[in-house]
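>>> Test case, fold it:
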Amino acid sequence: QPFNNHKTNYSEVVLNKIINNKKLIKVVLPVEYDNSFLLLKEIIDKEEPKIIILLGEARSYSLLSFEVIAINELSNKADNSGFIPETNKIIEKGPDGIFATLNYQLFEETFNKTKTKFKRSYSAGTYVCNSLMYQTLNYLKAANKTTECGFIHLPDLNKQSLSEIVNGLNEYILSLIDNN
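Modelled structure (predicted):
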């Protein structure tokens with residue numbers, strides 16, 4: 001969903017270009033601290049996926065980025081519904097950080113093989129992307145689910161080409177499907 005006065009959200013553009021596969025569910029979530037997770041949780045409970053790849057836009061980034069960790073921290077920036085968090089914690093007594101469980105080694109191998117440039121990022125920020133990643137990883141852990149989950153931030157598409165990003169993600173997705 002577009003945010004921050006932009007007409008498009010690059011993650012939605014990329015999502016629409018990613019391969020269609022019967023094992024793949026593609027969903028556009030709202031840019032809202034709580035509702036994005038609540039909608040995703042419904043899908044998790046109904047579909048019981050083995051893998052969740054969360055995509056988000058980070059226009060300040062120059063390369064696609066694999067987010068290593070989500071932190072228990074909220075921005076004081078309004079989401080698309082106008083909601084501004086009153087606390088700086090996503091979950092009041094939650095852990096300070098939760099590491100992604102998505103297969104990074106396979107990500108690195110696939111992206112190197114396809115010559116798709118990327119970086120490994122150690123902060124998903126404090127806006128909705130981080131909140132969604134944190135809440136999702138926390139839920140999966142609390143529910144004892146073995147679902148792999150991680151977040152990939154997409155750069156400004158003027159800094160890295162759409163075709164390069166889509167090619168790398170498609171190969172990664174197919175590799176994940178083959179390995180599960």
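
>>> all contacts plus neighbour counts: C-alpha atoms, from now on.
Will do.

>>> Give me the phi and psi angles of the one residue sitting closest to the centre of the chain.
By Cα atoms, centre = their mean, the mean C-alpha position of the chain lies nearest to Leu54, the distance being 2.5 Å. Main-chain torsions, Leu54, degrees, to the nearest 10: phi -90, psi 130.

>>> which residue ranges form the helices in this protein?
Along the chain, the segments classed as helices by DSSP state H run 10-17, 35-47, 104-113, 128-142, 162-179.

>>> For the shortest one, which outside residues touch it?
Contacts to helix 10-17, defined as Cα atoms under 8 Å, 6 or more residues apart in numbering, come from residues 1, 26, 28, 55-57, 154-157, 162, 165-166.

>>> any idea how far it is from the chain center?
12 Å (Cα atoms, centre = their mean, to the nearest Å).

>>> quick one: average confidence on it?
In this model, helix 10-17 has an average pLDDT of 93.

>>> hang on, the earlier thing: columns distance to Ser75 and mean neighbour count on top of the helices of the chain, output as CSV?
Output for the helices of the chain, formatted as CSV (distance: least, Cα to Cα, whole Å; neighbours: other Cα atoms under 10 Å):
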stretch, distance to Ser75, mean neighbour count
helix 10-17, 20, 18
helix 35-47, 16, 15
helix 104-113, 27, 16
helix 128-142, 8, 22
helix 162-179, 28, 17
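
>>> what's the closest of the ones you listed to Leu74?
helix 128-142 (6.9 Å; Cα to Cα).

>>> Provide the contact partners of that closest one at residue level.
31-34, 36-37, 41, 54, 56, 70-74, 79, 90, 97-100, 124, 146-147, 149-151.

>>> same thing but 7 Å
Helix 128-142 is contacted from outside by 31-33, 36-37, 56, 70-72, 74, 90, 98, 124, 147, 149-151, using Cα atoms under 7 Å, 6 or more residues apart in numbering.

>>> where does the chain dip in pLDDT?
Along the chain, the parts satisfying pLDDT under 70 run over 2-6.

>>> What residues does Tyr127 make contact with?
Leu74, Ser75.

>>> ok, what's across the strand from Cys149?
Counting by DSSP bridges, Cys149 is bridged to Ile52.

>>> and it, how many neighbours?
By the measure other Cα atoms under 10 Å, the count of residues near Cys149 is 20.

>>> now swap in Lys93 and tell me
Considering only other Cα under 10 Å, Lys93 is surrounded by 8 other residues.

>>> Phi, psi for it please.
Dihedral angles (degrees, to the nearest 10) for Lys93: phi -110, psi 20.

>>> would a markdown table of the contacts of helix 10-17 with distance to Tyr104 be doable?
Formatted as a markdown table, the contacts of helix 10-17 follow (distance: Cα to Cα, whole Å):
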| residue | distance to Tyr104 |
| --- | --- |
| Gln1 | 26 |
| Lys26 | 21 |
| Val28 | 23 |
| Leu55 | 15 |
| Gly56 | 17 |
| Glu57 | 19 |
| Leu154 | 16 |
| Pro155 | 19 |
| Asp156 | 22 |
| Leu157 | 23 |
| Leu162 | 21 |
| Ile165 | 16 |
| Val166 | 17 |
